[in-house]
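Asks: here is the input, now give the coordinates:
(one chain, ligands or ions: 1)
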Amino acid sequence: MSFMKLGRFALATALATTIGLAAAAAETLRLSHNTGDGTTWHKGAEKFGELLAERSGGAMQVRVFPNAQLAGGDQMRQADMVGRGALDLVVTSAINVTPLVPEMAVFSLPYLYANYDQVDATTAEGGPAGRLAEILEEKGIMVLAWGENGFREVTNNVRPITSPEDMRGLNMRVAGPMYIDVMNALGANPQQMQWTETMTALQQGVVDGQENPIGAVIIPQQVFEVQKYLTTWHYSYDPIFLGISKAKWDSYDAETQQMLRETAAEAMDYQRQITREGTATGIDFLRERGMEVHEPTEEELAAFRAATQPAFDQWAERVGSDLVQSFQDAIASVN
Ligand code: X2X
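Replies: Numbers count the residues shown, from 1 in each chain. So this is what the prediction gives:
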């Protein structure tokens with residue numbers, strides 16, 4: 001073997017070793033979420049992946065799978081899968097976790113919150129949402145950070161909604177169990193359906209309406225293309241969270257865990273910010289796109305609140321009165 005050949009051989013061997021080591025050290029985590037790839041959920045998830053890759057020097061990569069693909073399209077199954085370690089990471093919202101952890105419904109009790117300051121008081125470090133993180137940990141899910149789906153607003157194709165009476169008889173798609181009870185309290189006909197099937201159902205008239213947040217879902221998923229009327233009734237707040245399976249979490253050293261937490265907090269701060277911006281500019285945008293938007297008065301909101309009270313009471317009991325009280329106390333502290 002000539003010297004040149006030997007040199008090349010040595011170089012090739014050295015390269016292969018380096019690449020081999022890098023490949024062995026690099027880890028790709030799979031992240032599942034249940035909305036489309038244009039939503040703020042997806043953007044928050046992608047941001048987490050970018051920041052994590054950067055901070056880990058490329059050792060940790062995140063691959064984001066939208067539309068609950070990894071759970072066979074079943075948005076409620078994701079939390080269960082993360083809990084069992086069948087998924088590494090999840091971005092999902094509170095209502096989707098209620099079949100596994102009914103206490104998660106506390107966030108979305110009708111008219112619990114009136115504004116973002118109240119929301120932030122409950123999800124801030126040391127706030128009562130920490131209790132939900134503890135309960136989720138018992139189910140194998142570590143909450144890394146809270147983000148935002150938002151205040152859920154109602155849309156439909158039949159008539160403008162200005163009072164509870166207007167909800168009577170409407171066929172409404174809902175995401176989860178608590179919203180079935182809320183819709184029943186309003187005299188509507190609720191039907192639980194996967195989000196991924198909802199646009200088609202609205203288009204074909206299988207259901208008359210649905211409810212979702214403006215910035216996170218209604219705009220990026222183009223619900224305005226298939227719905228005429230929107231009422232900003234703010235009836236229920238839905239947080240999202242970025243969670244990791246406890247099995248995965250436990251496999252990391254303290255330094256990596258710290259990096260994951262900080263990175264998740266930053267990604268969800270970004271996600272919350274773009275969601276609120278999209279919501280603030282969203283009403284004008286929706287009007288431009290032909291939706292008829294009704295912004296209820298305080299009196300009208302009071303009527304919706306009164307009509308949904310039975311569902312609040314029913315779910316407050318299921319969630320537990322101490323937990324509900326801890327949220328109400330945090331909310332009262334910013335009033
Ligand atoms: O299914 C919905 O309505 C959505 C996307 O908001 C949730 O995941 C709860």
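Asks: now the strands: where do they sit in the stretch 201-335 of the chain?
Replies: For the stretch 201-335 of the chain, the strands defined by DSSP state E, counting those that start in this stretch occupy 209-213, 229-245, 292-294.
Asks: of all those strands, which one is nearest the ligand?
Replies: Nearest of the strands of the stretch 201-335 of the chain to the ligand, taken as CB to the nearest ligand atom: strand 209-213 at 4.9 Å. Where C-beta positions appear, they are placed from N, C-alpha and C, glycine not excepted.
Asks: close to the ligand: what parts of the stretch 201-335 of the chain are there?
Replies: 212, 217, 238 (CB under 6 Å from any ligand atom).
Asks: excluding chain neighbours, what is closest to the last one?
Replies: Nearest-residue entry for D238: N149, 4.0 Å, with adjacent residues in sequence omitted and distances by CB to CB, 6 or more residues apart in numbering.
Asks: kindly report the same for R289.
Replies: F224 (4.6 Å).
Asks: I283 is in contact with the one you found, correct?
Replies: No. Between F224 and I283 there is no contact under CB atoms under 8 Å: 11.1 Å.
Asks: look at those two and report which has more neighbours.
Replies: F224 (21 against 16; other CB atoms under 10 Å).
Asks: tell me who's in contact with that one.
Replies: F224 makes contact with 218, 286, 289-291, according to CB atoms under 8 Å, 6 or more residues apart in numbering.
Asks: return the distance of stretch 131-147 from the chain's centre.
Replies: For stretch 131-147, the distance from its own C-alpha centre to the chain's C-alpha centre is 14 Å (CA atoms, centre = their mean, to the nearest Å).
Asks: what does stretch 88-95 give?
Replies: On CA atoms, centre = their mean, the centre of stretch 88-95 falls 6 Å from that of its chain.
Asks: ok, and what's touching it?
Replies: By CB under 8 Å, 6+ apart, stretch 88-95 touches 29-34, 41, 44-45, 62, 75, 78-79, 81-82, 104-105, 107-108, 141, 147, 149, 175-176, 178-179, 238-245, 248.
Asks: next, the angle strand 229-245 makes with the helix or strand hosting E54.
Replies: Secondary-structure assignment from DSSP states H and E places E54 in helix 40-55. Angle, helix 40-55 to strand 229-245, by axes from the mean of the first three to the mean of the last three CA atoms, to 10 degrees: 30 degrees.
Asks: who touches helix 40-55?
Replies: Looking at what lies outside helix 40-55 - CB under 8 Å, 6+ apart - the contacts are 31, 33-36, 60-64, 66, 89, 91, 147-149, 215-216, 220, 240, 242, 259-260, 263-264, 266-268, 270-271, 274-275, 278.
Asks: now for L186: which residues touch it?
Replies: 164, 167-168, 304, 307-308.
Asks: any idea which of those residues is closest to V154?
Replies: Within those, distances to V154 taken as CB to CB reach their minimum at M167, with 7.9 Å.
Asks: now do the contacts for the closest one.
Replies: 154, 161, 183, 186-188.
Asks: and stretch 142-155, how far out from the chain's middle?
Replies: With CA atoms, centre = their mean as the basis, stretch 142-155 stands 5 Å off its chain's centre.
Asks: pull it out as PDB, backbone CA atoms only.
Replies: This file holds the C-alpha atoms of stretch 142-155, laid out as PDB (Å, rounded to 0.1, in the frame of the first residue of the first chain):
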ATOM      1  CA  MET A 142     -44.000  15.200  32.700                       C
ATOM      2  CA  VAL A 143     -45.300  18.700  31.900                       C
ATOM      3  CA  LEU A 144     -42.300  20.700  30.600                       C
ATOM      4  CA  ALA A 145     -44.300  23.900  30.000                       C
ATOM      5  CA  TRP A 146     -47.800  25.300  29.500                       C
ATOM      6  CA  GLY A 147     -48.800  27.000  26.300                       C
ATOM      7  CA  GLU A 148     -52.100  28.200  24.800                       C
ATOM      8  CA  ASN A 149     -54.900  27.000  22.700                       C
ATOM      9  CA  GLY A 150     -57.000  29.900  24.000                       C
ATOM     10  CA  PHE A 151     -60.500  31.000  24.700                       C
ATOM     11  CA  ARG A 152     -62.800  28.900  22.700                       C
ATOM     12  CA  GLU A 153     -65.300  30.800  20.500                       C
ATOM     13  CA  VAL A 154     -68.400  29.400  18.900                       C
ATOM     14  CA  THR A 155     -69.000  29.300  15.100                       C
END
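Asks: skipping adjacent residues, who's closest to A316 in space?
Replies: Closest residue in space to A316, ignoring its immediate chain neighbours: V324 at 4.7 Å, by CB to CB, 6+ apart.
Asks: re the thing from before, could I get the CA-only coordinates of the helix holding E54 as CSV?
Replies: Provided in CSV are the C-alpha atoms of helix 40-55 (Å, rounded to 0.1, in the frame of the first residue of the first chain):
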residue,chain,number,x,y,z
THR,A,40,-49.5,27.8,16.5
TRP,A,41,-49.3,24.4,18.2
HIS,A,42,-47.1,23.2,15.3
LYS,A,43,-45.0,26.3,15.3
GLY,A,44,-44.4,26.0,19.0
ALA,A,45,-43.4,22.4,18.6
GLU,A,46,-41.0,23.2,15.7
LYS,A,47,-39.5,26.0,17.8
PHE,A,48,-38.8,23.6,20.6
GLY,A,49,-37.1,21.3,18.1
GLU,A,50,-34.9,24.1,16.7
LEU,A,51,-33.9,25.4,20.1
LEU,A,52,-33.2,21.9,21.4
ALA,A,53,-31.0,20.9,18.5
GLU,A,54,-29.1,24.2,18.8
ARG,A,55,-28.5,23.8,22.6
